[in-house]
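>>> Here's a sequence, model it:
(chains A and B)
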Amino acid sequence: RKEVEQDPGPFNVPEGATVAFNCTYSNSASQSFFWYRQDCRKEPKLLMSVYSSGNEDGRFTAQLNRASQYISLLIRDSKLSDSATYLCVVNPSGGYNKLIFGAGTRLAVHP
Amino acid sequence: GAGVSQSPSNKVTEKGKDVELRCDPISGHTALYWYRQSLGQGLEFLIYFQGNSAPDKSGLPSDRFSAERTGGSVSTLTIQRTQQEDSAVYLCASSDSGKPQHFGDGTRLSIL
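Down below sits the predicted model:
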């Protein structure tokens, strides 16, 4: 089993739609969780950290379920510019040190 | 300010040759990481340097891979006797202690 698993997609949604991505991780002792965004042929960039109580940043909401070892990302009112691959990232030991990346979920937002 | 800089941006070489990939981290960042990303795959951790501590080499796939970081700044990833399965994008990231990682643009390595 992979350490971090994601549905590869693609998710094809119209502008304005709400879309949710899920991610599961295998190491129950994992301490830190993140969502990164990667545009085609570009480097990954931190989108947001994921906190135990859930957190929101504008149109983006991240949630963590430790019991089920499950992380989610919700994007509301999708924009064309949201089209990218979203990487679920886990740090088994906390902080930003050795990150385990999922293979990513591809999102395509169309007019 | 300047971000993480990697060179070359693209490298094409023949199977069996050695290659060196360079990473110039953000000035002052104590931590430096190497990852590789194969087509359609997630990022695979290779090696991590933190200050003067011994590096975490647990992700290096074979003894053909090595990396060093001179003077706590620039890092070089060396792949000896390259194989076709080494073809990938090699990404370097740096961070300040406990802060998010910043990635370079990567080196796209193609082994013929």
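
>>> Spatially, what comes nearest to the residue most central in space within chain B if we skip its sequence neighbours?
Nearest to the geometric centre of chain B sits residue B:34, at 3.5 Å (C-alpha atoms, centre = their mean). Spatial nearest neighbour of residue B:34, chain neighbours left out: residue B:46 (4.2 Å); criterion: C-beta to C-beta, 6 or more residues apart in numbering or on different chains. Using the backbone N, CA and C atoms, a C-beta is placed for each residue, glycine as well.

>>> ok, for residue B:24, nearest residue in space, not its chain neighbours?
Using C-beta to C-beta, 6+ apart and skipping the chain neighbours, the partner closest in space to residue B:24 is residue B:5 (4.1 Å).

>>> burial measure for the one you found, as a count.
Using other C-beta atoms under 10 Å in any protein chain shown, residue B:5 is surrounded by 15 other residues.

>>> hang on, isn't it packed against residue B:73?
No: between residue B:5 and residue B:73 there is no contact under C-beta atoms under 8 Å: 11.4 Å.

>>> Please enumerate the strands of chain A.
Remark: strands assigned in chain A by DSSP state E are A:4-6, A:11-14, A:19-25, A:32-38, A:44-50, A:55-57, A:60-65, A:70-75, A:84-91, A:100-101, A:105-110.

>>> if we can go back for a sec, name the residues contacting each of residue B:5 and residue B:73.
Common neighbours of residue B:5 and residue B:73, using C-beta atoms under 8 Å, 6 or more residues apart in numbering or on different chains, are residue B:24.

>>> Rank the helices and strands of chain A by mean pLDDT and give me the bottom one.
strand A:100-101 (a mean of 89; mean pLDDT, DSSP states H and E).

>>> which stretches of the chain have low pLDDT?
You didn't pick a chain, so chain A it is. A:94-96 (pLDDT under 70).

>>> my bad, the chain I had in mind was chain B
In chain B, residues with pLDDT under 70: B:1.

>>> Contact residues of it facing chain A?
B:31, B:33, B:35, B:40-45, B:48, B:50, B:56, B:58-59, B:91, B:95, B:98-101, B:103-106 (C-beta under 8 Å from any C-beta of the partner chain).

>>> and those, which are buried?
For the residues of chain B next to chain A, a burial check counting by 16 or more other C-beta atoms under 10 Å in any protein chain shown picks out B:31, B:33, B:35, B:42-45, B:48, B:50, B:56, B:59, B:91, B:95, B:101, B:103-106.

>>> Next step: those restricted to strands.
B:31, B:33, B:35, B:43-45, B:48, B:50, B:91, B:95, B:103.

>>> So which of those residues is the closest to residue A:1?
For those, the closest approach to residue A:1 (C-beta to C-beta) belongs to residue B:44, at 16.2 Å.
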